[in-house]
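[1] Curious how this folds, go ahead:
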Amino acid sequence: MRTTLLTLLVPMFMAACSSSSDAPPPPSAGAPGQVQINPAGQGGVTVTGPGGQVQVNPAGQGGVTVTGPGGQQLQVGGGMGVPGQPQIGGGGAPGTPIVCDGVQVVVRSNETINAGALPAINASGLCNVTCNNCTLTSSSVAVSAAGQAVITLNNANVTAPVTLSVTGQATVTSNESTLNGRTTRSGQGTLITN
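    Prediction:
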């Protein structure tokens, strides 16, 4: 889904940004047509064109950042996120455990995730994860929410000794889901089952 999203959004974003020919180039952008590999020793690749800049794995954090000539940004994926800037996607490849921290929005649908001894969903920070029609299994904790993370499971099938673990100020909402195992809650964590 991320690849499809990038394929659609990046050209649209770059085209919209290039229509403003009198806008200044983004900060730290190189000359149009320039490709930088591992700029400033931070990792990643930066491609600068007349309509803006595309960064893959900026600052070694994963994901893709597209910057238009006016400084507008679109971020897809990534690990840590930028405070105050939600990211779309991330969390790992389809069918793999969802790991999310920082400020991210992750939506998965119709997936089977067998995480072995790891959590199928491990969200912390200000992460917001939604899993629709997912089958989640783990030999320990299937869904772990900490910090101020928000996880929503819609019509999921969750199997583990501990299906849902909520700590800190996190919230997990399970809508019309089957939970095969016990749930745990500590701190001010909220667990809602509908």
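
[2] which parts of stretch 143-154 are buried?
    By neighbour count on 16 or more other CB atoms under 10 Å, the buried set for stretch 143-154 is 143-154. Heads up, the C-betas are built off the backbone N, CA and C, glycines and all.

[3] ok, now stretch 101-119?
    Neighbour counts using 16+ other CB under 10 Å place 101-106, 108, 111, 113, 115, 118-119 of stretch 101-119 among the buried residues.

[4] would you turn these into TSV with secondary structure and pLDDT?
    Supplementary listing: the buried residues of stretch 101-119 in TSV, determined by DSSP: H, G, I helix; E, B strand; the rest coil; pLDDT from 0 to 100:
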residue	secondary structure	pLDDT
101	coil	83
102	coil	79
103	coil	82
104	strand	85
105	strand	88
106	strand	89
108	strand	90
111	coil	92
113	strand	94
115	coil	93
118	coil	94
119	coil	95
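
[5] picking that back up, quick one: which of the buried residues of stretch 143-154 sit in strands?
    With strands identified by DSSP state E, the entries of the buried residues of stretch 143-154 that belong to them are 143-145, 150-154.

[6] hmm, which two among the residues you listed are most spread apart?
    Between all members of those, the longest pairwise span (CB to CB) is found for 144 and 154 and amounts to 18.3 Å.

[7] Which residue ranges make up the domains of the chain?
    Residue ranges of the domains in the chain are recorded as 2-76, 87-193, according to automatic domain parsing.

[8] Which one of the ones you listed has the poorest average confidence?
    Among these, domain 2-76 carries the lowest mean pLDDT, a mean of 52.

[9] Three-state assignment for residue 94, please.
    coil (DSSP: H, G, I helix; E, B strand; the rest coil).

[10] And for it, nearest residue in space, chain neighbours not counted?
    residue 111 (5.9 Å; CB to CB, 6 or more residues apart in numbering).

[11] Can you give me the buried ones in the strand of greatest length in the chain?
    As far as residue count goes, and with DSSP E defining each element, the longest strand of the chain is strand 157-166. Under the neighbour-count criterion of 16+ other CB under 10 Å, strand 157-166 has 157-160, 162-166 buried.

[12] Alright, I will stop here.
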